[in-house]
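**Student:** structure for this input, please:
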Amino acid sequence: MNRIKDLRAEKGISQNELAKALGLTQQAISAYENGLREPDLETLQKIADFFNVSIDYLLGRSDIRNPTDEITEAVEDDPELLEFWNELKQREDLKLLFKQTRKLSPKDIKQVIRIIKAIEEEESNE
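**Tutor:** Here you go, the predicted model:
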């Protein structure tokens, strides 16, 4: 779990500060960082939420910290899509879709967002 240590260092916080923020002990954080213990799913989610990264990133299964960041980068040159994306990324029902975007090019991501926008506009006109 070197990623926890790296993320903690990036934020400039101690193991103790992270432990307090997560409701854990400093010893637990140390054990996770040194590979002596694995966090349970609930703890992984707390850590991921605290650092705004995916669990896959924490586990080393992906180098993409947060799939929503990749989408933001893909649409940031289109103000209309960026505004729509900023509304969309809060929706629980679309989070699974966002996780799949790591396999898409920026051009394809824009096309998906445009399609979702068209569907949303059509549904709101009904």
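
**Student:** and R91, how many neighbours?
**Tutor:** 11 (other CB atoms under 10 Å). C-beta coordinates here come from the backbone N, C-alpha and C atoms, glycine included.

**Student:** which pLDDT value belongs to it?
**Tutor:** For R91, the pLDDT comes out at 77.

**Student:** could you pull up phi and psi at it?
**Tutor:** Backbone torsions of R91, given as degrees, to the nearest 10, read phi -80, psi 120.

**Student:** equivalent analysis for L104, please.
**Tutor:** phi -110, psi 150.

**Student:** give the contact list for it.
**Tutor:** By CB atoms under 8 Å, 6 or more residues apart in numbering, the contact list for L104 reads V112.

**Student:** any idea how far it lies from V112?
**Tutor:** With distances taken as CB to CB, to the nearest Å, L104 is found 7 Å from V112.

**Student:** do the same with L88
**Tutor:** L88 is 10 Å from V112, by CB to CB.

**Student:** please apply the same query to D93.
**Tutor:** 15 Å.

**Student:** quick one, which of the two is more surrounded?
**Tutor:** Using other CB under 10 Å, the more surrounded residue of D93 and V112 is V112, with 17 against 7.
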